[in-house]
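> Sequence and predicted model, in that order:
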Amino acid sequence: LLFLSCSFQMDTTQESYLDLFPLDAIVYLTPDSENVLEDIDPNKVYVLGGLVDESIHKKLTLQRAQEQSVQTARLPIREYMVKTVNTKNYHSETLAINQVFDVLSTYYETRSWPAALKAGVSSGKGYVLPDAVK
């Protein structure tokens with residue numbers, strides 16, 4: 001797991017985030033959360049889970065966070081982006097760690113979710129900003 005604080009200090013460790021931070025400071029980012037990340041709180045620590053195969057491990061990050069009574073949030077992809085028509089009818093809000101990091105760091109710099117999502121969500125995910133739809 002990759003831990004990210006709002007100063008963008010990153011660290012990797014074998015230790016559990018539950019042992020390193022107060023429970024109320026942890027926000028586990030998962031595409032399956034019902035909670036939309038509206039802003040980055042400098043008093044929170046965001047956990048970026050590293051599950052790539054969404055078909056096998058569906059909702060695993062959400063279940064793990066719920067079992068540990070950790071807050072969850074998802075990126076506001078549905079709120080700022082639209083589904084594109086594509087031949088595979090493929091739409092996914094599951095991103096790789098580097099994509100989530102790109103979104104968060106761009107949002108932190110610009111305070112603009114459209115700019116942040118454009119930086120981190122590739123069109124191959126089946127989502128684009130509304131102004132990109134022709």
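On my side now, so go ahead.

> for this structure, which spans come out with low pLDDT?
The chain contains residues with pLDDT under 70 at 1-11, 49-57, 87, 133-134.

> Would you state the strands of it in chain order?
Under the criterion DSSP state E, the chain contains strands at 2-5, 10-12, 26-29, 45-48, 71-73, 82-83, 127-128.

> any chance of the ones you listed in JSON lines, with distance to residue 58 too?
(C-beta placed from N, C-alpha, C; glycine too.) What follows is the strands of the chain, written out as JSON lines (distance: least, CB to CB, whole Å):
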{"stretch": "strand 2-5", "distance to residue 58": "21"}
{"stretch": "strand 10-12", "distance to residue 58": "25"}
{"stretch": "strand 26-29", "distance to residue 58": "16"}
{"stretch": "strand 45-48", "distance to residue 58": "18"}
{"stretch": "strand 71-73", "distance to residue 58": "15"}
{"stretch": "strand 82-83", "distance to residue 58": "19"}
{"stretch": "strand 127-128", "distance to residue 58": "18"}
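
> between those strands, which gets nearest to residue 35?
strand 71-73 (4.6 Å; CB to CB).

> elements contacting the closest one?
strand 26-29, helix 60-67 (3 or more CB pairs under 8 Å, 6 or more residues apart in numbering; DSSP states H and E).

> quick one: strands adjacent to it?
Here strand 71-73 is paired, per DSSP bridges, with strand 26-29 (parallel).

> returning to that earlier point: quick check: which of the helices and strands packed on strand 71-73 is buried the most?
Here the criterion is mean neighbour count by mean count of other CB atoms under 10 Å, and of the helices and strands packed on strand 71-73 the winner is strand 26-29, at a mean of 22.

> can I get the helices and strands packed on strand 71-73 in CSV with distance to residue 17?
Shown next, in CSV, are the helices and strands packed on strand 71-73 (distance: least, CB to CB, whole Å):
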stretch, distance to residue 17
strand 26-29, 6
helix 60-67, 10
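
> For residue 125, give me its contacts.
90, 91, 92, 93, 95 (CB atoms under 8 Å, 6 or more residues apart in numbering).
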